[in-house]
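Asker: below is the sequence, then the predicted model.
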Amino acid sequence: MPGLYFEEFTLDQKLTTLPRTVSEGDIVNFAGLTGDYNQIHTDAHFAAGTQFGQRIAHGLLGLSVAVGLLMRTGVLEGTVIAFREIHEWKFIKPIFIGDTIHALMDVKELKAVPRAGGGLAMVGIDVRNHKDEQLMKGTLTLLVASKPK
């Protein structure tokens, strides 16, 4: 089933993704993929002596998981053309190994761009953990295809 076309989005439209638990493997794999082996993510002994008391996930891993969770909703399946921008992204609290996170999406602005075959959807994203603590937030601009004629 295809996702929503640009014309099917509405201002203030909201959705909540399914949750996903962030594992040690996710952090190790992300470090390997990106080359970011910062000790706060990969060294349990070092991380134990930090303000967090344990290893934390990379902030960009959290953002990537949130985008993946949005894709899993099906709303953008086959209709998103491009991920255009990240606006005012804030990393508020860390994601720990074992945290279960989900994302809340809120359509903030819609702008038709016929020459690009669709329109821009500016969607607010609020990433929360299983304790309902806000972990990160910001706005993504997505280029979404128009409905075929």
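Answerer: It's in.
Asker: contacts, neighbours, all on C-alpha from now
Answerer: Fine.
Asker: next, the contact list for the residue nearest to residue 106 when sequence neighbours are not counted, please.
Answerer: Nearest residue to residue 106, sequence neighbours excluded (CA to CA, 6 or more residues apart in numbering): residue 14, at 4.5 Å. Neighbour list for residue 14: 104, 105, 106, 107 [criterion: CA atoms under 8 Å, 6 or more residues apart in numbering].
Asker: strand partners (parallel or antiparallel) of whichever strand or helix holds the last one?
Answerer: What that stands for is residue 107. Element membership for residue 107 (DSSP states H and E) is strand 100-113. Here strand 100-113 is paired, per DSSP bridges, with strand 14-16 (antiparallel), strand 20-21 (antiparallel), strand 118-129 (antiparallel).
Asker: right, so of those strands, which gets closest to residue 144?
Answerer: With CA to CA, the closest approach to residue 144 among the strands paired with strand 100-113 belongs to strand 118-129: 5.4 Å.
Asker: pull the longest helix from this structure.
Answerer: helix 59-72 (DSSP state H).
Asker: could you check the angle the helix or strand just after it makes with strand 118-129?
Answerer: Using DSSP H and E, the helix or strand that follows helix 59-72 in sequence is strand 80-91. Our comparison of strand 80-91 with strand 118-129, counting by axes from the mean of the first three to the mean of the last three CA atoms, to 10 degrees, yields an angle of 40 degrees.
Asker: from the middle of its chain, how far away would strand 80-91 be?
Answerer: Averaging C-alpha positions (CA atoms, centre = their mean, to the nearest Å) puts strand 80-91 9 Å from its chain's average.
Asker: can you pull the buried residues of it?
Answerer: Of all the residues in strand 80-91, those buried under the rule 16 or more other CA atoms under 10 Å are 80, 81, 91.
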